[in-house]
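**Student:** Please find the sequence and the predicted model below.
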Amino acid sequence: MTGAKNTAATMKENILKALEFPRHMIRENVDLLSCRFNGHYVGELGCKLCNAATECKWLTQHDEFSNLARKPLAEVGEALEFAMHFVEALVMESDHDCEMCRCEACHWLRGARETVAEFHHVSSGSSS
Ligand SMILES: [Zn+2]
């Protein structure tokens, strides 16, 4: 028997693992040359005018050192959803056929979509 708690723990583990790939991908795609803070999100005031602010905020809040594992499932789930949209946008820009393509990004995307769907299923089913 698998209780709801178990499902949530496994799910969180899957999400944490899934976050590794987009972390690298987002980092590579943020233009740090023009960033005064070397990609470290400093808040609305400092980053307001930068068009990479959303990405830097995500990276700063969800990097390897941010104790992600201790954050609630809802938060890591949202982090994955953001990452999914980011990778989706990148992949579409370069005209991949996500359903068929064998590149790492598309492969990741297919897995992430499943995980995000599962996450929605689990979080709508629990009484929180
Ligand atoms: Zn691809």
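**Tutor:** Alright, I've got the coordinates.

**Student:** switch to C-alpha atoms for all contacts and neighbour counts from now on
**Tutor:** Will do.

**Student:** For Met25, see how far away the closest residue to His62 other than its chain neighbours is.
**Tutor:** Nearest residue to His62, sequence neighbours excluded (Cα to Cα, 6 or more residues apart in numbering): Leu68, at 6.4 Å. Distance check for Leu68 against Met25: by Cα to Cα, to the nearest Å, it reads 18 Å.

**Student:** again with Glu55
**Tutor:** For Glu55, the distance to Met25 equals 11 Å [Cα to Cα].

**Student:** ditto for Ala18
**Tutor:** On the measure of Cα to Cα, Ala18 and Met25 end up 12 Å apart.

**Student:** more neighbours, these two?
**Tutor:** Ala18 (19 against 15; other Cα atoms under 10 Å).

**Student:** residues touching that one, list them.
**Tutor:** Residues near Ala18 by Cα atoms under 8 Å, 6 or more residues apart in numbering: 80, 108, 112.

**Student:** Tell me the most packed of those residues, by neighbour count.
**Tutor:** Counting neighbours by other Cα under 10 Å, the one among the contacts of Ala18 with the most is Leu80, which has 24 neighbours.

**Student:** you'd agree that one is up against Glu118?
**Tutor:** No. Leu80 is not in contact with Glu118 according to Cα atoms under 8 Å; the separation is 11.9 Å.

**Student:** of the contacts of Ala18, closest to the ion?
**Tutor:** The closest of these to the ion turns out to be Trp108 (Cα to the ion; 9.3 Å).

**Student:** Any residues of the chain in contact with the ion? List them.
**Tutor:** Selection of the chain residues close to the ion by Cα under 5 Å from the ion yields 96, 101, 103, 106.

**Student:** Mind doing that once more with 8 Å?
**Tutor:** Within the chain, the positions near the ion by Cα under 8 Å from the ion are 91, 95-98, 100-107.

**Student:** quick revisit: export the contacts of Ala18 to a markdown table and append columns for distance to Ala8 and secondary structure.
**Tutor:** Listed next are these as a markdown table, based on distance: Cα to Cα, whole Å; DSSP: H, G, I helix; E, B strand; the rest coil:
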| residue | distance to Ala8 | secondary structure |
| --- | --- | --- |
| Leu80 | 15 | helix |
| Trp108 | 21 | helix |
| Ala112 | 16 | helix |
